[in-house]
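K.L.:
Prediction below, plus the sequence it came from.
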Amino acid sequence: MCSAQDVDVLKVEQTQPGSRRPLVVALGLALAVVVVDHLTKAWAVARLELGPCSANPDGCIDVALGLRFHLVHNRGAAFSTGTELGPLFGVVALAMTVVLFNMARQRADRWTPIMLGVVAGGAIGNLIDRAARADDGILSGPVIDFIDLQWWPVFNVADSAVVVGVIALVIYFFLEPDTTGD
């Protein structure tokens, strides 16, 4: 039978900064985001047609309440800005991913590695697009976007993961209790 002291020791061992568990959690979630992102992108490429919906109404799918699936190639960053800087965005995404996984490895709490893994998965998902679809040098390919709210720029699952993960991190760090003792 375990005493309360034994249980406390086990809790500390499971959440120590630098342990492998937070990194494994972040890597697992990143992989899940990448898989879902690329399955949905493969579906979009196979089912939708590139170009405006007005030119080929059968190439787009109206879902409900303004949600439409509409295939777009994005060579830039958010909102298709900086289209000539695609390779630079790819390098930044790669560096950001390394930093995110390093941060996840160093965290002792349960939630930060989860959120960092989601953000990293989104970055990796779009990075894979840039590399796999490169036609004019490394990381020059477009990112597949297909979720169209018709009042917001077209995006994909990876973009959603980055945005939701970053918002969750900001909220978590804002609400996280101060453990420094001040």
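P.N.:
Cool, got the structure.

K.L.:
Gln150 - how many residues pack around it?
P.N.:
Look at Gln150: counted by other CB atoms under 10 Å, it has 12 neighbours. All C-beta spots, glycine's among them, are computed from the backbone N, C-alpha and C.

K.L.:
what about the residue nearest to it when sequence neighbours are not counted, how many neighbours?
P.N.:
Excluding the flanking residues, the one nearest Gln150 by CB to CB, 6 or more residues apart in numbering is Gly66, at 4.9 Å. A count of nearby residues for Gly66, using other CB under 10 Å, gives 11.

K.L.:
Distance of Gly66 relative to Ile147?
P.N.:
Separation of Gly66 from Ile147 (CB to CB, to the nearest Å) stands at 11 Å.

K.L.:
just Gly165 next, same as before
P.N.:
To Ile147, Gly165 is 17 Å away according to CB to CB.

K.L.:
Those two: which is more packed in?
P.N.:
Between Gly165 and Ile147, Gly165 has the larger neighbour count (other CB under 10 Å), namely 23 against 20.

K.L.:
what sits against Val33?
P.N.:
By CB atoms under 8 Å, 6 or more residues apart in numbering, the contact set of Val33 is Gly117, Val118, Ala120, Gly121, Gly122, Ile124, Gly125, Val157, Ala158, Ala161.

K.L.:
what do you get if the cut-off is 7 Å, keeping everything else the same?
P.N.:
The neighbours of Val33, taking CB atoms under 7 Å, 6 or more residues apart in numbering as the test, are Val118, Gly121, Gly122, Gly125, Ala158, Ala161.

K.L.:
Can you tell me which of those residues is closest to Ile171?
P.N.:
Checking the contacts of Val33 against Ile171 by CB to CB gives Val118 as the nearest, at 13.4 Å.

K.L.:
Show me what the helix or strand that contains that closest one is packed up against.
P.N.:
Per DSSP states H and E: Val118 is located in helix 111-132. On a contact count with 3 or more CB pairs under 7 Å, 6 or more residues apart in numbering; DSSP states H and E, helix 111-132 meets helix 20-47, helix 86-106, strand 143-148, helix 157-175.
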